[in-house]
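1. got a predicted structure here, sequence first:
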Amino acid sequence: MQATVECQNWIVSVKKIEEHVSKLEEKYNSKGKPSWKKPTSWISGPNLSESMAKKSKEVRRLWKDGIFETVVVAKSVKPVEKMGAPNIEDKQSLQRAFQGTLNYLKRDKIRRIGIWGTVGIGKTAIMQNLNDNEDIAKMFDIIIWVTVSNNRSVQKLQESILRRLKLSVEGTSTIEEAAQRMSEELEGKKCLILLDEVGQKIDLHKIMGFRNLQKDSKVVLASRYGRNCYDMEVDELIKVETLSDDDAWNMLEKIVDGIMKLRGECFLYSALYPEECEICIDYLLEFWRAEGFMHCRQDFKDARGEGHEILKELTDLSLLERTNRIKFVKMNKVLRKMALKISSQMNDLKLLVKPCEGLNDFPEREEWEQATRISLMDNHLKTLPDTLDCCNLLTLLLQRNMHLVTIPESFFAPMCSLQVLDFHATAIESLPSSLSNLIQLRGLYLNSYNHLRKFQFNIEALVNLEALDIRGTQISLLEIGSLRQVRCLQMSSSNLGMDNHIEGTISSFSSLEELSIEVCSSKLWWDKIVDTVKEVAALEKLTSLRFCFPEVDCLELFVTTSPVWKKNSCMTFQFANDHPDSTPPRILESFNYRSKNSLKLENGSGVNPRMLKQLMVTYAFGLINHMGVSRLSDFGIQNMNRMFVCLIEGCNEMETIINGEGITQGVLKGLEHLCINNILNLKSIWQGPVYAGSLAQLRNLTLSRCPELKKIFSNGMIQQLPQLQHLRVEECGQIEEIIMESENNGLEANALPRLKTLVLLNLPELTSIIWIDDSLEWPSLQRIKVSTCDKLKRLPFNNANATKLRFIEGQESWWRKLVWKDDAIKQRLQSLCIFN
């Protein structure tokens with residue numbers, strides 16, 4: 001039996017008011033007044049405070065409301081809520097995964113099981129079969145199903161579980177209260193919790209007090225990524241193997257049908273690129289905007305924000321995949337095939353999509369006639385048709401046809417609806433007059449046209465052009481200065497021409513919101529840099545700037561004269577500071593955070609106070625070949641509160657990164673990525689005391705080619721790295737121990753609790769990872785890679801620790817020379833080896 005929902009809510013309200021009344025009583029009695037605990041002494045008393053009177057009314061109301069016809073009802077929580085699971089007996093890969101999970105559920109010591117595999121492969125079907133299986137139902141008192149992607153917040157997840165348990169969601173004002181209610185309800189019961197579509201780590205104890213549940217309770221979770229399962233600390237992991245083509249196709253159709261209702265245009269557009277090809281996110285978002293897929297049609301910054309939200313939805317569903325490079329995505333070949341099939345069935349779409357197929361000649365007329373989108377990128381086209389009769393054509397992608405030299409004069413004549421034109425990285429020397437017909441064109445990409453010097457058409461006719469990329473061409477800004485409506489301009493210093501008069505060329509783009517200028521090391525460019533900075537500073541609508549300043553004086557000129565900067569608006573920047581006698585300057589390309597502020601100082605010296613104001617709002621910081629500083633903290637710890645990424649390279653006067661002497665609070669609290677490369681005199685990362693909270697968010701630490709570095713984790717440092725996930729140490733010839741005894745006495749066994757990967761390369765003096773070989777638990781370690789560390793004879797593992805370890809990479813000759821405490825450890829780890 002259980003209280004009715006109405007009665008449950010009343011009881012919760014009574015408990016709350018009891019707490020409030022108790023507090024009032026304590027407050028009243030603390031003033032030395034007589035007790036007012038009895039109703040007769042406080043409900044009707046003439047001297048009661050306003051608070052007491054208010055509570056008095058609430059108590060009366062609750063007293064009246066507490067009269068119920070029915071107080072309790074028979075509990076109606078079903079042990080299992082059947083889902084109508086599909087039959088998977090004829091799908092071998094799904095059946096194997098189901099059977100493997102069932103076997104693990106029968107083993108007492110296994111509490112968490114992870115199932116992972118790509119989108120559409122059948123994970124949900126497996127989970128539904130686990131939910132509906134009668135044998136599994138007999139093993140547990142209750143089975144709870146939660147689709148995590150539909151309940152992304154902790155509160156939503158809790159509400160879903162509370163409803164499953166027939167518990168009222170009212171009265172649980174905090175996450176802790178809700179978890180307590182679930183924990184009490186499930187006390188003594190053996191539960192199976194099925195979590196489908198897990199996109200990131202969730203804390204089950206926080207959500208439902210999982211650690212308090214009956215010890216035989218278990219969790220099965222399904223995710224598209226194995227790493228999500230590792231983050232959830234699964235005991236066993238099952239990968240769902242690829243389905244047959246027919247099985248995969250049927251499942252994908254159902255998934256894609258769902259996304260088509262939401263972001264279908266964006267998904268289908270991505271299929272214009274070759275399968276598994278890296279797609280530049282910046283271009284893709286601009287193309288989506290040009291074709292009208294965005295609601296934000298005016299402001300470029302808002303449109304990019306909306307585009308990134310759409311991109312996240314598509315990647316969360318695995319319809320697009322992230323690559324190793326942050327600024328790129330790709331599409332799985334099966335999904336691309338599906339997208340093209342859907343496009344072919346739509347009445348208002350006709351596509352010609354043949355990228356990367358080795359074409360020498362343009363396709364036949366019947367293939368492209370009346371097409372709405374054409375993609376022939378990455379081919380070997382040498383010629384184009386005299387004209388392309390495609391009045392409905394919206395997008396034409398011909399980039400990277402390296403042998404394409406000329407465009408027929410009338411080629412563009414019928415394309416009055418064209419909105420995106422990409423000809424970048426071809427050998428074309430001029431553009432025909434018919435390009436003037438493209439009055440609807442919104443995005444034009446001509447970058448890497450090395451021989452393109454002049455336009456042979458009326459550029460003023462492109463009245464709707466908003467995004468223009470002329471990097472690497474010889475086109476002068478004077479030719480396009482009339483395009484006042486352009487909002488996004490990417491150019492090179494070569495586009496400013498070689499004459500000394502550039503006044504008005506950049507500032508004439510009065511609508512410009514995003515500007516990127518790639519610079520060369522030519523002395524002619526540097527001689528007119530001041531005039532260029534003045535032009536850029538005059539832009540009043542600028543929201544994003546990517547630029548290289550040769551001197552701090554030039555940067556100060558910009559920040560003191562730019563009205564946008566003075567307004568302290570939300571402008572993002574990527575600034576580099578360099579000298580004309582250096583190699584061509586680069587912004588922080590390795591960081592790939594276009595929408596975040598980045599600052600790179602290269603070939604400079606000392607600490608210029610005028611640069612510190614920019615450092616205070618910098619997200620990614622690069623210090624390269626910089627002289628006159630002995631540590632990063634010379635720039636002022638207080639100026640690095642926003643720093644997320646830091647690259648230090650070639651600063652050979654540095655002996656440590658941070659000097660903790662005199663610091664009274666945690667520093668670099670938000671830093672997540674730290675890369676230290678090629679610093680000849682570096683002795684340590686941290687010198688002196690490490691204040692609590694310092695480096696608390698550091699996830700990635702890379703140390704490379706630091707020949708004098710002897711210690712990585714100085715005294716007290718390792719305790720401040722609870723989030724460190726990836727550690728890479730390479731070509732540091734003095735390193736003997738990764739975790740040194742002299743600096744880490746008393747280290748607890750759960751140190752580095754989230755470390756997942758450990759990469760050790762070319763460390764000739766390395767003898768141990770930690771001085772006591774198996775003293776740490778390594779609870780999250782999944783992968784270790786060792787190469788050319790000939791003195792490393794032991795690994796810090798036993799039969800009980802590093803339970804998540806899945807890969808050990810190294811040379812077989814090194815493995816054979818390792819020393820083991822007993823053969824059982826060697827046998828356990830041998831199966832994880834990948835020899836190179």
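-> Ah, there it is.
2. ok, Leu418 touching Leu441?
-> Yes. Leu418 is within contact range of Leu441, at 5.6 Å (criterion: C-beta atoms under 8 Å). The C-beta positions use only the backbone N, C-alpha and C, and glycine is treated the same way.
3. residues touching the closest residue to His403 other than its chain neighbours, list them.
-> Once flanking residues are discounted, His403 sits nearest to Lys382: 4.8 Å by C-beta to C-beta, 6 or more residues apart in numbering. Contact analysis of Lys382 by C-beta atoms under 8 Å, 6 or more residues apart in numbering lists 360-361, 403-405.
4. repeat that with 7 Å
-> Contacts for Lys382 (C-beta atoms under 7 Å, 6 or more residues apart in numbering) come out as 360, 403-404.
5. what distance do you get for the residue nearest the centre of the chain to Ser223?
-> Nearest to the mean C-alpha position of the chain, counting by C-alpha atoms, centre = their mean, stands Ile326 at 8.0 Å. The spacing between Ile326 and Ser223, counted by C-beta to C-beta, to the nearest Å, is 21 Å.
6. how about Leu766?
-> Taking C-beta to C-beta, one finds Leu766 at 35 Å from Ser223.
7. equivalent analysis for Leu376, please.
-> Where Ser223 is concerned, Leu376 sits at a distance of 38 Å (C-beta to C-beta).
8. ok, Phe635 - contacts?
-> 607, 612, 615.
9. sorry, back to before: for the contacts of Lys382, give me JSON lines that also has secondary structure and neighbour count.
-> As requested, those are exported to JSON lines (DSSP: H, G, I helix; E, B strand; the rest coil; neighbours: other C-beta atoms under 10 Å):
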{"residue": "Asn360", "secondary structure": "coil", "neighbour count": "10"}
{"residue": "His403", "secondary structure": "coil", "neighbour count": "12"}
{"residue": "Leu404", "secondary structure": "coil", "neighbour count": "22"}
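10. between the residues you listed, which is nearest Leu668?
-> Closest approach between the contacts of Lys382 and Leu668, by C-beta to C-beta: Leu404, at 50.0 Å.
11. so what's that closest one up against?
-> Counting by C-beta under 7 Å, 6+ apart, Leu404 touches 381-382, 426-428.
12. ditto for Asn639
-> Asn639 touches 612, 615-616, counting by C-beta under 7 Å, 6+ apart.
13. so which of those wins on neighbours?
-> If you count neighbours using other C-beta atoms under 10 Å, the busiest of the contacts of Asn639 is Leu615, which has 18 neighbours.
14. thought that one was touching Leu599?
-> Yes. With contact defined as C-beta atoms under 7 Å, Leu615 counts as touching Leu599 (6.3 Å).
15. give me the common contacts of those two.
-> Phe621.
16. among Leu766 and Ser223, which residue is more densely surrounded?
-> Shown here are Leu766 and Ser223; by other C-beta under 10 Å, Ser223 has more neighbours (25 against 22).
17. the more buried one and Leu237: what is the separation?
-> Using C-beta to C-beta, we find Ser223 at a distance of 10 Å from Leu237.
18. who touches both of the two?
-> Here Ser223 and Leu237 have 114, 116, 229 as joint contacts, going by C-beta under 7 Å, 6+ apart.
19. next one: Lys254, what pLDDT does it get?
-> If you check Lys254, the pLDDT there is 60.
20. oh, I was asking about Gly358
-> 92.
21. residues contacting it?
-> Contact analysis of Gly358 by C-beta under 7 Å, 6+ apart lists 379-380.
22. how close does it sit to Val552?
-> Noted for Gly358: a distance of 51 Å to Val552, by C-beta to C-beta.
23. ditto for Ile480
-> 31 Å.
24. now swap in Leu435 and tell me
-> Separation of Leu435 from Val552 (C-beta to C-beta): 42 Å.
25. what of Ser448?
-> The gap separating Ser448 from Val552 is 32 Å, by C-beta to C-beta.
26. likewise for Glu159?
-> For Glu159, the distance to Val552 - C-beta to C-beta - is 55 Å.
27. isn't Ser430 right next to His451, touching?
-> No. Using C-beta under 7 Å, Ser430 is not in contact with His451, being 8.7 Å away.
28. neighbour-wise, which of those two wins?
-> Ser430 (16 against 12).
29. and what about Val219, helix, strand or coil?
-> Here Val219 is recorded as strand under DSSP: H, G, I helix; E, B strand; the rest coil.
30. tell me which residues touch it, please.
-> Counting by C-beta under 7 Å, 6+ apart, Val219 touches 111-112, 193, 195, 204.
31. what residues are bridge-paired with it?
-> Judged by DSSP bridges, the bridge partners of Val219 are Arg112, Ile193.
32. per-residue pLDDT, it?
-> pLDDT, Val219: 92.
33. now the one 3 residues further on
-> Among the per-residue scores, Ala222 holds a pLDDT of 93.
34. ok so, going back, of the shared contacts of Ser223 and Leu237, which belong to helices?
-> Counting by DSSP state H, these place Cys229 in helices.
35. among the shared contacts of Ser223 and Leu237, which one lies nearest to Thr315?
-> Of the shared contacts of Ser223 and Leu237, the one sitting nearest to Thr315 (C-beta to C-beta) turns out to be Trp116, at 15.9 Å.
36. ok, now which ones touch the residue nearest to that closest one when sequence neighbours are not counted?
-> Nearest residue to Trp116 in three dimensions, chain neighbours excluded: Gly226, at 4.6 Å (C-beta to C-beta, 6+ apart). By C-beta under 7 Å, 6+ apart, the residues touching Gly226 are 116, 237, 239.
37. one more: His403?
-> 380-382, 427.
38. what separation is there between Ala24 and Cys651?
-> Actually, residue 24 is Leu rather than Ala. Counting by C-beta to C-beta, the gap from Leu24 to Cys651 is 63 Å.
39. neighbour count winner among these two?
-> Cys651 (25 against 18).
40. shouldn't that one be within a strand?
-> No. Judged by three-state DSSP, Cys651 forms no part of a strand; its state is coil.
41. which among the shared contacts of Ser223 and Leu237 gets closest to Lys341?
-> Within the shared contacts of Ser223 and Leu237, proximity to Lys341 (C-beta to C-beta) peaks at Trp116, which comes in at 26.7 Å.
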